[in-house]
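Asks: Dropping a prediction and its sequence here:
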Amino acid sequence: MEPFIVAAILALAVVILFFLLHRKMAVAKNDAETTSANTEILSPVKENLFPVQQDEIAIAFNYLDALSETEEAALVEIKDQKVLAKIDSAIPGTFQAIANAGAAHQYQEGLKKAGQLYQAIIPKDAVLANSSAMEGAKRGIYHGANGIKGHANLVPVDSNTGAPLEAMNVVNAVMGVAAMVVGQYYMTQINNQLSGISSQVESIAAFQDREYQSRVYALVADVQKSSQFQVEIVENEELRKRELDHLKNLEHECAELLGQANITIKDFEKKKGLDYSDYEKLVAEAQTWYQYQQILLDLMAKIEDLSYALNLGQSSRENCYAMLLPYAKQAEDALKSLEAWHKETGVTLEIDLDAGRRSRQGLEGLIMKAISIFDEDLRYKSVPEKTVTMITAQSGGQRSVVTQSETDLFQEDVRLVAKDGKLYYLPEEKHSKDT
């Protein structure tokens with residue numbers, strides 16, 4: 001029995017030794033692969049304006065040879081100093097890239113190639129993978145629906161102190177800056193469009209319902225105030241929520257005013273048996289309500305555009321635009337009724353919009369009808385060009401509500417371009433053409 005026991009012990013020792021050696025070799029191989037992969041991931045991008053160390057990953061400003069004419073036209077300057085500071089904090093080297101681009105602009109004749117422009121791209125929906133080599137860290141890749149999508153290139157360093165930051169905090173900071181840039185772009189576009197709406201309100205002639213008129217004035221001013229971009233509101237969750245609640249109240253106020261305009265416009269179809277003089281007065285009255293209807297439709301669209309922008313892509317378009325669609329449908333129905341009223345009255349009063357004339361009515365019409373056997377034109381009187389224009393506008397049928405392009409810039413890469421000593425945001429091409 002003793003020789004058998006000794007042999008068994010020796011065999012067991014050999015198995016254990018073989019297992020330990022195999023495990024050691026596997027660990028060494030895995031470490032080598034991890035080191036190699038990390039070296040490849042962390043290596044600086046070719047022609048990077050600000051090369052990073054082997055232990056850093058960075059969204060960096062790289063040389064950009066040129067922009068197309070379409071891209072040049074689409075550039076939107078980022079002027080807000082607080083936004084610029086946020087970008088520089090999240091993407092160290094931003095101010096240096098702007099300064100270099102400015103210096104290149106001063107010596108433009110001698111710098112025809114690289115060095116005049118720099119760009120950095122923040123990838124959309126970048127979610128970093130956990131690092132297998134360092135606890136609590138993130139690797140420089142991000143995932144899409146079908147696995148690894150690309151490199152996120154984030155620097156886990158505080159630009160003010162040089163101290164390391166939590167990797168996820170860096171991700172949040174960069175993604176927050178990307179949303180802020182897009183949100184500011186949307187809000188600036190909306191603010192500019194609201195200036196046009198304000199001018200339209202001022203152009204409307206004297207209106208008998210002063211209370212209604214003053215409410216529309218106040219509403220436009222209030223929406224325009226909310227459209228002015230403020231970093232403090234965008235980056236503070238409580239303030240941003242408060243502003244969104246305020247916009248919801250403005251949306252309800254706009255809906256009430258628009259509903260009143262729609263109902264009033266639809267009521268014109270009840271006015272029958274008119275002579276031309278009464279009809280002409282009602283055309284002018286209908287024009288005022290038509291103008292207010294169109295202004296309020298556009299304003300409601302801007303309120304919902306603004307709500308979408310302030311949600312920073314966290315709420316769907318369908319949710320933000322939910323109230324607009326039923327009121328737009330109500331407006332279309334009201335305008336169809338108004339169009340039918342104009343056609344019916346036009347037939348009764350024998351109005352020829354193309355010729356800008358109408359048949360004479362009453363006793364005058366009877367007399368001129370008898371005389372017109374010598375001159376057909378004697379049967380008619382001219383219709384003022386202003387009245388023809390109003391009737392034509394009101395009889396235009398279905399209207400389409402203008403909203404932002406369906407391209408969702410919150411779901412696109414954010415492209416920043418340093419040029420001529422300034423920093424620009426370059427929206428995705430399809431959207432920039434549509435706005």
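Replies: Thanks, I have it. Numbering: from 1, shown residues only.

Asks: where along the chain do the helices fall?
Replies: 2-42, 69-74, 81-90, 94-106, 167-203, 210-226, 231-235, 237-266, 276-310, 317-320, 324-348, 362-371, 385-394, 429-434 (DSSP state H).

Asks: May I see the buried residues of stretch 85-96?
Replies: For stretch 85-96, a neighbour-count test (16 or more other CB atoms under 10 Å) marks K86, I87, D88, A90, I91, P92, G93, T94, F95 as buried. All C-beta atoms are positioned from the backbone trio N, CA, C, and that covers glycine.

Asks: Need these in JSON lines (columns: distance to V223 and pLDDT).
Replies: Shown next, in JSON lines, are the buried residues of stretch 85-96 (distance: CB to CB, whole Å; pLDDT from 0 to 100):
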{"residue": "K86", "distance to V223": "26", "pLDDT": "86"}
{"residue": "I87", "distance to V223": "28", "pLDDT": "86"}
{"residue": "D88", "distance to V223": "32", "pLDDT": "85"}
{"residue": "A90", "distance to V223": "30", "pLDDT": "78"}
{"residue": "I91", "distance to V223": "33", "pLDDT": "80"}
{"residue": "P92", "distance to V223": "37", "pLDDT": "78"}
{"residue": "G93", "distance to V223": "38", "pLDDT": "79"}
{"residue": "T94", "distance to V223": "32", "pLDDT": "85"}
{"residue": "F95", "distance to V223": "34", "pLDDT": "84"}
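
Asks: Most widely separated two among those?
Replies: K86 and G93 (14.2 Å; CB to CB).

Asks: hmm, back to that, now, which of the buried residues of stretch 85-96 sits nearest V181?
Replies: When these are compared against V181 (criterion: CB to CB), the nearest one is I87, at 7.3 Å.

Asks: how about the closest one, what does it touch?
Replies: Listed by CB atoms under 8 Å, 6 or more residues apart in numbering, the contact set of I87 reads I78, T94, V177, V181, L416, L423.

Asks: And it, how far from M323?
Replies: 34 Å (CB to CB, to the nearest Å).

Asks: again, but for M180
Replies: 26 Å.

Asks: out of the two, which sits in the more crowded spot?
Replies: Each of M180 and M323 has its neighbours counted (other CB atoms under 10 Å); M180 has more, 23 against 18.

Asks: what residues are up against the more buried one?
Replies: Here M180 is in contact with V83, K86, V231, V234, E235, L312 (criterion: CB under 8 Å, 6+ apart).

Asks: Repeat that for L247.
Replies: If you count contacts by CB under 8 Å, 6+ apart, then L247 has V223, S226, I303, L306, S307, L310 around it.

Asks: is it true that the fifth one touches M323?
Replies: No: taking CB atoms under 8 Å as the definition, S307 is not a contact partner of M323, at 9.8 Å.
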